[in-house]
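Engineer: Structure, please.
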Amino acid sequence: MPVKIRLQRHGKKGKPFYWIVAADARSKRDGKFLEKLGIYNPNTNPATIDLDVDGAVKWLGNGAQPSDTAKRLLSYKGALLKHHLLGGLRKGALTEEQVEEKFNAWVAEKDAAVAAKISGLTQEQEAEKAKALAAEKAVNEKRVADAQALEAEAAAEVAAAEAAEVAAAEVAATDAAAEEAAAEEAPATEEVVAEEAPATEEAGEETKEA
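Structural biologist: As a prediction, the model looks like this:
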């Protein structure tokens with residue numbers, strides 16, 4: 001029976017995750033399987049890969065063929081390396097101690113690389129967060145400055161309106177004082193005219209007598 005190591009889709013629409021399974025090559029992609037070897041979740045950053053390395057190596061040793069995606073995952077987790085090292089052990093080129101030593105050294109190096117990547121992603125996220133906070137602070141400061149400018153402009157308009165009212169009141173008071181002064185001068189002029197009128201009449205009578 002030909003066996004294939006492949007991915008079996010699970011999850012919901014738009015956010016799938018996959019089981020890594022050993023299945024009969026003739027069965028449907030999401031049908032029955034012989035053994036579940038791990039989980040692959042591409043929705044996380046970095047992607048989550050949980051693999052039973054020894055189980056995968058066992059199926060590889062029995063002739064199972066991985067799909068292209070499964071092969072990349074097996075390589076990423078070291079299953080292909082361990083399968084290769086065990087091949088050297090069977091041929092007598094390596095001892096069990098050498099196989100374990102080489103594989104453990106590779107795993108340690110891989111874990112360090114993954115940890116460095118996670119640390120870098122964390123720093124990038126913190127930098128993006130700080131950048132977003134700075135941008136938000138700038139927006140808030142601009143909003144406050146605009147509000148203060150509007151308040152200052154409104155205060156200037158109120159002050160200008162009050163100054164215009166005061167000037168108008170002063171002009172009105174000046175006009176009223178001028179009108180009162182003119183009104184006071186008018187009766188005095190009439191009295192002068194009235195006093196001059198009898199003298200004119202007397203002069204006319206003297207002319208007649210002559």
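
Engineer: Could you pull up the residues touching the nearest residue to Ser67 once chain neighbours are set aside?
Structural biologist: Closest residue to Ser67 apart from its sequence neighbours, by C-beta to C-beta, 6 or more residues apart in numbering: Arg6 at 4.3 Å. Placement of C-beta: from N, CA and C, glycine included. Taking C-beta atoms under 8 Å, 6 or more residues apart in numbering, we find Arg6 in contact with 20-21, 23, 29, 66-67, 69-70.

Engineer: swap in Phe33?
Structural biologist: 8, 19, 21-24, 27.

Engineer: again, only using 6 Å
Structural biologist: The contact partners of Phe33, taken as C-beta atoms under 6 Å, 6 or more residues apart in numbering, are 21, 23.

Engineer: Surely the residue nearest to Ser67 is in a strand?
Structural biologist: Yes: under DSSP: H, G, I helix; E, B strand; the rest coil, Arg6 sits within a strand.

Engineer: picking that back up, now, the contacts of Arg6 that are in helices?
Structural biologist: Cross-referencing those with the helices (criterion: DSSP state H) gives 69-70 as the overlap.

Engineer: Mark which of the contacts of Arg6 are buried, thanks.
Structural biologist: Among the contacts of Arg6, those buried by neighbour count (16 or more other C-beta atoms under 10 Å) are 20-21, 23, 66, 70.

Engineer: out of the residues you listed, which one sits closest to Thr122?
Structural biologist: Using C-beta to C-beta, the shortest approach to Thr122 within those belongs to Ile20, at 27.2 Å.

Engineer: if I look at the most centrally placed residue in the chain, how far off is Ser119?
Structural biologist: For the chain, the residue sitting closest to the mean C-alpha position, by C-alpha atoms, centre = their mean, is Ala132 at 5.5 Å. As defined by C-beta to C-beta, to the nearest Å, Ala132 lies at a distance of 20 Å from Ser119.

Engineer: again, but for Lys102
Structural biologist: Using C-beta to C-beta, Lys102 is found at 26 Å from Ser119.

Engineer: Sketch out the low-pLDDT regions of the chain for me.
Structural biologist: Applying pLDDT under 70 to the chain picks out residues 185-210.

Engineer: packing partners for the helix or strand where the residue nearest to the centre of the chain lies?
Structural biologist: Under the criterion of DSSP states H and E, Ala132 resides in helix 96-209. For helix 96-209, the packing partners by 3 or more C-beta pairs under 6 Å, 6 or more residues apart in numbering; DSSP states H and E come out as helix 79-91.

Engineer: tilt between the helix it packs on and helix 96-209?
Structural biologist: Following axes from the mean of the first three to the mean of the last three C-alpha atoms, to 10 degrees, one obtains 170 degrees for the angle between helix 79-91 and helix 96-209.

Engineer: Would you mark the buried spots in helix 79-91?
Structural biologist: Residues of helix 79-91 classed as buried under the neighbour-count rule (16+ other C-beta under 10 Å) are 79-83, 85-86.

Engineer: which residues make contact with that helix from outside it?
Structural biologist: The contact list for helix 79-91, computed with C-beta under 6 Å, 6+ apart, reads 53, 56-57, 60, 74, 94, 99, 102-103, 106.
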